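coordinates only, sequence not included:
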Ligand SMILES: Cc1cc2nc3c(=O)[nH]c(=O)nc-3n(C[C@H](O)[C@H](O)[C@H](O)COP(=O)(O)OP(=O)(O)OC[C@H]3O[C@@H](n4cnc5c(N)ncnc54)[C@H](O)[C@@H]3O)c2cc1C
């Protein structure tokens, strides 16, 4: 016997939880399944940056040559690549390389900007409406630079943002030290993306999970989806080790695991994991005033209530979520090049998470082209927290047949 449900959400990361929230608000019934603990996975240990400024996709001109250059200096490289001849992985790499063009950037900017701005606004609304206490700061994201060449690249990024009507303020040395007293003397400049924000993602997702349960969602932790049954282009049953569900509608929000969940459905979801790490530190004497991005080293730093999180590294193709102590130590050392940090640090937690990454840098949001009752909400790469509220709202709108007010066609499944 299968349990009849209205909307069944697979995956309780930032995307699944926000889909659930907006579906419940729209009056739908929600059952959410997570193979582990909803709200505690790849969304929890991340940097917590909410970045409407992030409008340029990962697949952009120059990315491949920069990545290759970084890989020649392994101890300092923010980037890594798994060596594997697995066909799906090689196909992904080829597609990614082909997408690193000016055309891809031009096409990706308008949808990323619309989704990012909507999401930033929805974060403010949710946090105010639900009274969430989650170290939410709206004082921007400050990029710090130690070298003139990286600072010049930062200025060019600010120019791109200005062209698209987004705020970005270039700060010369004195101004950047006034803005962030925790910055070391070696920092020669910065760019302040003042429309950005940050929060404690684990805390926020815990509160959101509790809220959707209060709103009536059935949340099943430690309930992995093991198979899907289809008939005539409709998902008829969803299997787990303990029970089966018979949903009216399914939302796939399983992040980097999404391709595994739909294997057997004849759906081509080109998503690869991009692993990253974080360390969370307590008892820091000089907490930075706000969220930082350490330019040359691509390390993110976020102050929470009495804590500091430092995150970094992007390893394409790596699926394990066991933190690598060597990289944790290297990320800490990178942070010490830019900001004052105690020696030694009191590390509360080390962590690894997966960014579900598509070849062209846009997420996949929309109905499956092959299934009447399957909605895809996945592939958000390094922006899965930032874009989650808007994705949740778009998904609820699609379910309810409501127009989202901007062009969501670029997010459809583009690989058939
Ligand atoms: C180091 C690092 C720093 C980052 N910093 C930021 C940041 O500052 N801002 C930002 O926006 N993003 C950031 N990200 C990216 C962000 O964490 C991801 O984009 C986001 O977690 C993706 O959300 P998701 O809900 O799609 O997937 P996930 O968070 O991975 O959630 C998917 C869920 O699906 C569940 N699941 C998987 N398989 C099954 C199954 N078979 N059955 C049931 N459940 C299943 C998993 O257990 C998981 O809970 C960072 C990522 C890393 C690694």
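Looks like it came in fine. Please read all numbers here as calculations on a predicted model, not as lab measurements. Numbers count the residues shown, from 1 in each chain.

Residue of the stretch 301-416 of the chain closest to the ligand, please.
Nearest residue of the stretch 301-416 of the chain to the ligand: residue 384, at 2.0 Å (Cβ to the nearest ligand atom). The way it works is simple: take the backbone N, C-alpha and C, and place the C-beta from them, glycine included.

quick one: contacts for that residue?
Residue 384 is in contact with 13-15, 42-43, 46, 255, 355-356, counting by Cβ atoms under 8 Å, 6 or more residues apart in numbering.

Which of the residues you listed ranks first by neighbour count?
Highest neighbour count within the contacts of residue 384, by other Cβ atoms under 10 Å: residue 15, with 32 neighbours.

Thought residue 253 was touching that residue, still the case?
Yes. When contacts are counted by Cβ atoms under 8 Å, residue 15 is listed as touching residue 253 (4.3 Å).

any residues in contact with both of those two?
Common neighbours of residue 15 and residue 253, using Cβ under 8 Å, 6+ apart, are 377-378.

hang on, the earlier thing: inside helices: which ones of the contacts of residue 384?
Applying DSSP state H to the contacts of residue 384, the entries found in helices are 14-15.

The contacts of residue 384: which ones sit near the ligand?
13-15, 42-43, 46, 255, 355-356 (Cβ under 6 Å from any ligand atom).

Take the residues you listed and write them to a markdown table, including pLDDT.
Conversion of those to a markdown table gives the following (pLDDT from 0 to 100):
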| residue | pLDDT |
| --- | --- |
| 13 | 98 |
| 14 | 98 |
| 15 | 98 |
| 42 | 93 |
| 43 | 95 |
| 46 | 98 |
| 255 | 98 |
| 355 | 98 |
| 356 | 98 |
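
export the contacts of residue 384 to TSV and tack on distance to residue 123?
As requested, the contacts of residue 384 are exported to TSV (distance: Cβ to Cβ, whole Å):
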residue	distance to residue 123
13	16
14	11
15	14
42	18
43	13
46	14
255	19
355	19
356	20
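
quick one: which of the contacts of residue 384 is nearest to residue 346?
Closest approach between the contacts of residue 384 and residue 346, by Cβ to Cβ: residue 46, at 20.7 Å.

Make sure that closest one is actually in contact with residue 385.
Yes. With contact taken as Cβ under 8 Å, residue 46 and residue 385 are classed as touching, separated by 5.9 Å.

tell me the helices in the chain, going along the chain?
Listed in chain order, the helices found in the chain under DSSP H are 14-25, 63-71, 87-99, 102-130, 148-163, 173-179, 201-214, 258-261, 325-336, 388-400.

got the angle for the second one vs helix 148-163?
This points to helix 63-71. With axes from the mean of the first three to the mean of the last three Cα atoms, to 10 degrees as the criterion, the two stretches helix 63-71 and helix 148-163 enclose an angle of 150 degrees.

Summarise which helices and strands helix 63-71 is packed against.
strand 79-81 (3 or more Cβ pairs under 8 Å, 6 or more residues apart in numbering; DSSP states H and E).

if we go to 10 Å?
Using 3 or more Cβ pairs under 10 Å, 6 or more residues apart in numbering; DSSP states H and E as the contact criterion, the neighbours of helix 63-71 among helices and strands are strand 79-81, helix 87-99, strand 307-316.

sorry, back to before: between the helices of the chain, which shows the greatest average number of neighbours?
Per-residue neighbour counts averaged over each of the helices of the chain give the maximum for helix 14-25, namely a mean of 28 (mean count of other Cβ atoms under 10 Å).

can you list residues touching both of residue 46 and residue 385?
Listed contacts common to residue 46 and residue 385 are 14, 201; contacts here mean Cβ atoms under 10 Å, 6 or more residues apart in numbering.

so residue 223 makes contact with residue 11?
No. Applying Cβ atoms under 10 Å, one finds residue 223 not in contact with residue 11, separated by 11.1 Å.

With neighbour numbers in mind, choose between these two.
Neighbour tally, residue 223 and residue 11, criterion other Cβ under 10 Å: the higher count belongs to residue 11, 27 against 21.

residues touching that one, list them.
By Cβ under 10 Å, 6+ apart, the neighbours of residue 11 are 17, 19, 32-35, 38, 41, 225, 251-255, 257-258, 261, 356, 377-378.

likewise residue 143?
53, 150-151, 153-154, 157-158, 168, 170-171, 176, 189-193, 292-295.

about what we covered before: going by mean pLDDT, which of the helices and strands packed on helix 63-71 comes out lowest?
Ranked by mean pLDDT, the helices and strands packed on helix 63-71 end with strand 79-81 in last place, scoring a mean of 90.

Work out the gap between it and the centre of the chain.
Chain-centre distance of strand 79-81: 18 Å, with Cα atoms, centre = their mean, to the nearest Å.

near the ligand at all, that strand?
No. When contact is scored as Cβ under 6 Å from any ligand atom, no part of strand 79-81 falls within range of the ligand; the minimum is 12.5 Å.

That strand pairs with which strands, and in what direction?
Strand pairing for strand 79-81, determined by DSSP bridges: strand 307-316 (parallel).

thought residue 36 was touching residue 254?
No. Contact between residue 36 and residue 254 fails when scored by Cβ under 10 Å: they sit 11.1 Å apart.

Who has more neighbours out of these two?
Looking at residue 36 and residue 254 with other Cβ under 10 Å, you find the greater number of neighbours at residue 254, namely 29 against 14.

which residues touch that one?
Residues near residue 254 by Cβ under 10 Å, 6+ apart: 9-13, 15-16, 33-35, 41, 224-225, 260-262, 269, 271, 356, 377-378.

Give me the distance between the nearest residue to it once chain neighbours are set aside and residue 261.
Across the structure, with Cβ to Cβ, 6 or more residues apart in numbering as the measure, the residue nearest residue 254 apart from its sequence neighbours is residue 11 (3.9 Å). From residue 11 over to residue 261 the distance is 8 Å, taken as Cβ to Cβ, to the nearest Å.

try residue 34
Plainly put, residue 34 is 12 Å away from residue 261 if you go by Cβ to Cβ.
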